[in-house]
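# Got a sequence here, can you model it:
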Amino acid sequence: MKNRDEILQSIKNIMQEMFEIESDDVTLEAHLYEDLDFDSIDAVDMIVKLKEITGKALKPEDFKNARTINDVVEAVYKLINA
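This is a model prediction of the structure:
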């Protein structure tokens, strides 16, 4: 995962596999809590999965301000390319 498109695709896969959210519903504009019915436990589970995929130390506080899928993509992008 080097670019934003690859990160988005990985997030779509995670959302579909772990949370049974349709891939088409996972757009950059989708709000995690309002549109995708995410909760804090789901967010932690996703962070753990992203850590496995990226091999980077992802911290929940890096994602505390994430409200949309785009926010998550940007946070992962910054961590990978730091």
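# Could you report the separation of residue 66 from residue 77?
As defined by Cβ to Cβ, to the nearest Å, residue 66 lies at a distance of 12 Å from residue 77. To be clear about C-beta, it is placed using only N, CA and C from the backbone, and glycine gets the same treatment.
# Next, the contact list for residue 26, please.
Contact analysis of residue 26 by Cβ atoms under 8 Å, 6 or more residues apart in numbering lists 8, 11-12, 15-16, 36, 69.
# which one of the residues you listed is nearest residue 25?
Nearest to residue 25 among these is residue 36, at 6.6 Å by Cβ to Cβ.
# Please tell me I have it right and the closest one contacts residue 15.
Yes: shown here, residue 36 and residue 15 form a contact pair, counting by Cβ atoms under 8 Å, at 7.1 Å.
# what sits in contact with each of the two?
21, 25-26.
# for the one helix or strand in the chain whose mean pLDDT sits lowest, packing partners?
The helix or strand of the chain with the poorest confidence is helix 40-54; it has a mean of 90 (mean pLDDT, DSSP states H and E). With contacts taken as 3 or more Cβ pairs under 8 Å, 6 or more residues apart in numbering; DSSP states H and E, helix 40-54 sits against helix 4-19, helix 69-80.
# Could I get those helices in JSON lines, plus columns for mean pLDDT?
Listed next are these as JSON lines, based on pLDDT from 0 to 100:
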{"stretch": "helix 4-19", "mean pLDDT": "95"}
{"stretch": "helix 69-80", "mean pLDDT": "93"}
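# List the backbone torsions phi and psi for residue 36.
phi -110, psi 0 (degrees, to the nearest 10).
# what about it, neighbour count?
Per other Cβ atoms under 10 Å, the neighbour tally for residue 36 reads 18.
# how much space is there between it and residue 61?
Taken as Cβ to Cβ, the span from residue 36 to residue 61 is 21 Å.
# Among the shared contacts of residue 36 and residue 15, which lie within strands?
Counting by DSSP state E, no part of the shared contacts of residue 36 and residue 15 is found in strands.
# Looking at these, which one is closest to residue 3?
Distances from residue 3 to these, taken by Cβ to Cβ, are shortest for residue 26, at 16.9 Å.
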